Every structure is written in structure tokens, then in C-alpha cells.
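Colleague: return a 3D structure for these sequence lines:
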Amino acid sequence: MSTYTHESMINHHGPGFLSQLAETFHVWRQRYQSRRELARWSDRELHDIGISWSDVAYEADKPFWRA
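Modeller: Residues are numbered from 1 along each chain as shown. Just a heads-up that it's a prediction; the model follows:
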């Protein structure tokens with residue numbers, strides 16, 4: 001059985017509105033989770049990556065929609 005797909009059967013349109021919306025929600029959720037996890041790190045872990053508690057507070061206080 002062949003898996004060849006005729007050129008006329010391929011979707012040539014870019015991502016639709018719903019897939020763009022889903023991707024936006026995915027990015028927002030990742031930001032939210034990453035910021036909450038960072039806020040739980042110990043002093044030692046923060047020191048290892050070279051950031052301070054003030055950096056963590058600044059990042060954790062951002063709303064999820066802000067990069």
C-alpha cells in the first residue's frame with residue numbers, strides 16, 4: 001500500500017485561528033508554571049544559576065501573558 005499523497009490533497013493554508021489560540025494558551029501555561037516553580041527554588045539552586053531573590057520576585061510577579 002502506498003502512502004503517497006497527491007499534491008492537491010495537502011493543506012496549503014497556514015495554521016488556523018484555533019491552533020494559534022491553542023498555542024497561545026500553551027505558552028501562557030508554560031510561563032505560569034515556570035514562574036511558580038522558580039519561586040520554589042532554594043537559595044542554593046538560585047545561586048547555582050546566578051540569580052537573586054529580587055530577580056525571582058520580579059519574574060514571579062509578572063502576569064502570565066507578559067514575556
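
Colleague: quick one: low-confidence parts of the protein?
Modeller: Within the chain, the ranges that satisfy pLDDT under 70 run 1-15.

Colleague: which parts of it are helices?
Modeller: Using DSSP state H, the helices found in the chain span residues 17-39, 43-49, 53-60.

Colleague: quick one: the ones you listed as a markdown table, columns for distance to residue 66 and mean neighbour count too.
Modeller: Where C-beta positions appear, they are placed from N, C-alpha and C, glycine not excepted. A markdown table is the format used below for the helices of the chain (distance: least, C-beta to C-beta, whole Å; neighbours: other C-beta atoms under 10 Å):
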| stretch | distance to residue 66 | mean neighbour count |
| --- | --- | --- |
| helix 17-39 | 8 | 12 |
| helix 43-49 | 21 | 10 |
| helix 53-60 | 10 | 12 |
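
Colleague: could the ones you listed be laid out in a markdown table, adding distance to residue 67?
Modeller: What follows is these, written out as a markdown table (distance: least, C-beta to C-beta, whole Å):
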| stretch | distance to residue 67 |
| --- | --- |
| helix 17-39 | 7 |
| helix 43-49 | 19 |
| helix 53-60 | 11 |
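
Colleague: where does residue 64 fall, phi/psi-wise?
Modeller: Dihedral pair for residue 64: phi -60, psi -20, per degrees, to the nearest 10.

Colleague: from what I see, it and residue 25 are in contact.
Modeller: No - using C-beta atoms under 8 Å, residue 64 is not in contact with residue 25; the gap is 9.9 Å.

Colleague: find residues that contact each of these two.
Modeller: When C-beta atoms under 8 Å, 6 or more residues apart in numbering defines a contact, no residue borders residue 64 and residue 25 alike.

Colleague: and the gap between the most centrally placed residue in the chain and residue 33?
Modeller: Nearest residue to the geometric centre of the chain (C-alpha atoms, centre = their mean): residue 27, 3.2 Å. According to C-beta to C-beta, to the nearest Å, residue 27 and residue 33 sit 11 Å apart.

Colleague: what is the burial count for residue 42?
Modeller: Counted by other C-beta atoms under 10 Å, the residues lying close to residue 42 total 8.

Colleague: excluding chain neighbours, what is closest to residue 38?
Modeller: Residue nearest to residue 38 in three dimensions, not counting chain neighbours: residue 56, with 5.6 Å by C-beta to C-beta, 6 or more residues apart in numbering.
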